[in-house]
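>>> need a 3D model of the sequence below.
(one chain, ligands or ions: 2)
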Amino acid sequence: MSEEKKYLTTASGMPVGDNQNSITAGNRGPTLIQDVHLLEKLAHFNRERVPERVVHAKGAGAHGYFEVTNDVSKYTKADFLSEVGKRTPMFIRFSTVAGGELGSADTVRDPRGFAVKFYTDEGNYDLVGNNTPVFFIRDAIKFPDFIHTQKRHPQTHLKDPNMTWDFWSLSPESLHQITILHSDRGIPATLRHQNGYGSHTFKWVNKDGGEAVFIKYHFKTDQGIKNLDVDLADKLAGTNPDYHTEDLFNAIAEGNYPSWTLKVQIMSEADAKNYRYDPFDVTKVWPHSDYPLVEVGKMVLDRNPENYFAEVEQAAFSPGHFVPGIEASPDKMLQGRLFAYSDAHRYRIGANHEALPINRPIAPVNNNQRDGYMRFDGNGGSQINYEPHSVDGAPVETPENKQTPFEVSGFADSVPYDNDDHYSQPRALFREVMDAGERERLIQNFADHMSGVTQAGVVERQLENFYKVDPELAEGIAAKLDVEVPAHLKK
Ligand code: NDP
Ligand code: HEM
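Ligands and ions are numbered 1, 2, ... in the order given. Presented below is the predicted three-dimensional model:
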């Protein structure tokens, strides 16, 4: 076989003689089962799909690096943040959330996933955030029901505003996120022109083992915020449903590398006990006037994936992938997510998904997990697979890397959060951050979405919630829907 010419083979490496005509009995067939190349081709094709992500199915990814620009080592011992100038390779996947079935349009109104994997010397650190600083709900137990209301109706198989607004109107903790979602930022112009947020609160621990701090992550786009006009977004959804995916790929291919500046808000443990908002409630932000942004570094995307399936589809991000110096906070949603993602990955791409090239850490992996489907690395070789042991050179636990102890209190019970101010922060956004034009567009976007609601009582209940945010918001939407704000609110 000629060395220069790349020849087609079967998966077992046998050169293929004919890839156009199957082996048949004469010109008219039938086909012979001994055409093993044909059998393999058909059988493998049937197995090309892995389950799409149950949320965030449609996505685009890119490689890049993160570089530290400000010394935060007094707050965290995370090695990848240890010194100014230190660079860490990373991979990001952007996505749409609930609208995001694999073939869906990029320009729908939806939060955008902003999932970053840092390949650090101490293992992979995943920051699995969104382009919004808050979320719709604040207890993991509500997540599957919430997502059902965003997806298709069990009978009609259609998206159904009745389900969406029924759930939201009965879950007023969603008000902050739905205000952001229906604002101009609900449809970013491109994936490059949006911020990213860790949304949850996380814990940073330093090397002296002193007091931990709580932090929130903000990736600020260096391209500036740009959003899509609603009519253009609707048009693009039909004419170019992959608009955002295409824009990101082309920008990077042309050397126009997008970047984000990573900043954090930092809160002491003592403050966290007394702060006016529950710092672990993911429906709330920490106002910048209370906790200003502190710069950490810059993320630059400078390389497109070579293969979409291998890199973007098989990428597995988990909020439970921490490194020493970064830990979970008590946030109830975050705690649920610590379970949900790796479980989803085991189902979606298998028990050994961490060994796939896109997920494999650059740090050494020395665990005692062995075997399982598709174990395509060395499976730990001859190394023993248990601990404690008395074998020289075999992996041992490192007590200095234990999570930091923290105090807990309270009775174990199914208990709600101890605050129900779902209104003051969306009010600040509506009143103080948005200008008159943006307020008007917000009202229009809400009205457009709610105009599809036919289920009795839902609009009234939601208007009542909006009224508590701001009477102008509720009255503006009511006027556009040609309904009255419930009379008792006006008293
Ligand atoms: P600031 O005036 O200090 O900050 C306002 C923030 O709102 C900025 O971060 C800005 O992002 C962001 N913003 C502007 N328009 C929108 C929009 N349509 N959707 C989402 N975010 C937007 O105010 P405060 O910190 O006191 O917060 C006031 C309100 O601003 C909050 O209640 C919250 O709704 C919103 N907000 C606050 C954030 C925070 O972490 N404190 C983060 C994001 C929003 P940028 O600077 O990139 O333009
Ligand atoms: C994807 C569950 C809340 C951001 C996913 C996936 C699941 C999931 C099962 C698919 C994972 C996969 O197959 O790879 C949950 C649960 C939540 C929750 C149970 C609440 C308890 C959130 C929040 C955010 C978020 C609050 C953002 C702050 C993302 C992102 C992805 C994702 C960005 C896509 C990751 C990727 O690109 O592969 N979520 N989620 N989720 N989630 Fe969540």
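>>> shaky segments in this structure?
Scanning the chain for pLDDT under 70 picks out 1-3, 491.
>>> contact residues of it facing ligand 1?
133, 180, 183-185, 195, 220, 225, 285-289, 425, 428-429, 433 (CB under 6 Å from any ligand atom). (Glycine included, C-beta is placed from N, CA and C.)
>>> of these, just the buried ones, ChimeraX syntax please.
The following ChimeraX line selects those of these that are buried, judged by 16 or more other CB atoms under 10 Å:
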select :133,180,183,184,185,195,220,285,286,425,429
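>>> pick out the residue of the stretch 151-300 of the chain closest to ligand 2.
Closest approach between the stretch 151-300 of the chain and ligand 2, counting by CB to the nearest ligand atom: residue 199, at 3.5 Å.
>>> list the contacts for that residue?
129, 130, 132, 133, 134, 135, 216, 282 (CB atoms under 8 Å, 6 or more residues apart in numbering).
>>> ranges for the helices of the stretch 251-400 of the chain?
Per DSSP state H, counting those that start in this stretch, the stretch 251-400 of the chain carries helices over the ranges 269-274, 308, 332-348.
>>> pick the most deeply packed of those helices.
The highest mean neighbour count among these, using mean count of other CB atoms under 10 Å, belongs to helix 332-348: a mean of 17.
>>> centre of the chain versus that one, how much separation?
12 Å (CA atoms, centre = their mean, to the nearest Å).
>>> what strand or helix carries the closest residue to the residue of the stretch 151-300 of the chain closest to ligand 2 other than its chain neighbours?
Spatial nearest neighbour of residue 199, excluding adjacent residues (CB to CB, 6 or more residues apart in numbering): residue 129 at 5.3 Å. Using DSSP states H and E, residue 129 sits in strand 123-130.
>>> cool, residue 475 as well?
Applying DSSP H and E, one finds residue 475 within helix 471-481.
>>> and the helix or strand that that helix is followed by, what's buried?
Using DSSP H and E, the helix or strand that follows helix 471-481 in sequence is helix 487-490. Applying a neighbour-count criterion of 16+ other CB under 10 Å, the buried positions in helix 487-490 are residue 489.
>>> same for helix 487-490, what does it pack against?
When contacts are defined as 3 or more CB pairs under 8 Å, 6 or more residues apart in numbering; DSSP states H and E, helix 487-490 sits against helix 458-469.
>>> quick one: the helix it packs on to helix 471-481, angle?
Using axes from the mean of the first three to the mean of the last three CA atoms, to 10 degrees, one finds that helix 458-469 and helix 471-481 are set 150 degrees apart in direction.
>>> which residues does helix 458-469 contact?
Counting by CB under 8 Å, 6+ apart, 162, 165-166, 168-170, 172, 175, 179, 422-423, 426-427, 430, 446, 450, 453, 473-474, 477-478, 481, 483, 485-486, 489 sit against helix 458-469.
>>> could you do stretch 408-427 as well?
134, 138-139, 172-176, 179, 277-278, 281, 283-285, 330, 465, 468-470.
>>> a helix runs through residue 178, doesn't it?
Yes - membership of residue 178 in a helix is supported by DSSP: H, G, I helix; E, B strand; the rest coil.
>>> rewinding a little: which of the contacts of residue 199 are buried?
The neighbour-count test (16+ other CB under 10 Å) applied to the contacts of residue 199 identifies 129, 130, 132, 133, 134, 135, 216, 282 as buried.
>>> how many neighbours does residue 194 have?
For residue 194, the neighbour count with other CB atoms under 10 Å is 26.
>>> leaving out chain neighbours, which residue sits closest to it?
That would be residue 188: by CB to CB, 6+ apart, it lies 4.0 Å from residue 194.
>>> residue 219 now?
The shortest distance from residue 219 to any non-neighbouring residue, by CB to CB, 6+ apart, is to residue 196 (3.6 Å).
>>> and what of residue 295?
The shortest distance from residue 295 to any non-neighbouring residue, by CB to CB, 6+ apart, is to residue 70 (4.5 Å).
>>> in three-state terms, label the one you found for me.
Judged by three-state DSSP, the three-state class of residue 70 is coil.
>>> return the distance of it relative to residue 216.
Using CB to CB, to the nearest Å, we find residue 70 at a distance of 16 Å from residue 216.
>>> what of residue 299?
Distance from residue 299 to residue 216, by CB to CB: 16 Å.
>>> just so I know, which of the helices of the stretch 251-400 of the chain lies nearest residue 259?
Closest to residue 259 of the helices of the stretch 251-400 of the chain is helix 308 (CB to CB; 22.7 Å).
>>> so the closest one, near ligand 2 or not?
No - using CB under 6 Å from any ligand atom, helix 308 never reaches ligand 2; the gap is at least 13.0 Å.
>>> could you say which helix or strand holds residue 427?
Using DSSP H and E, residue 427 falls in helix 424-428.
>>> give me the neighbour count for residue 263.
As a burial measure, residue 263 scores 18 neighbours (other CB under 10 Å).
>>> that should have said residue 211, apologies.
Residue 211 - counted by other CB under 10 Å - has 12 other residues nearby.
>>> show me what contacts the residue nearest to it when sequence neighbours are not counted?
Of all residues not flanking residue 211 in the chain, residue 269 sits nearest, at 5.6 Å (CB to CB, 6+ apart). Applying CB under 8 Å, 6+ apart to residue 269 gives the contacts 211, 212, 213, 214.
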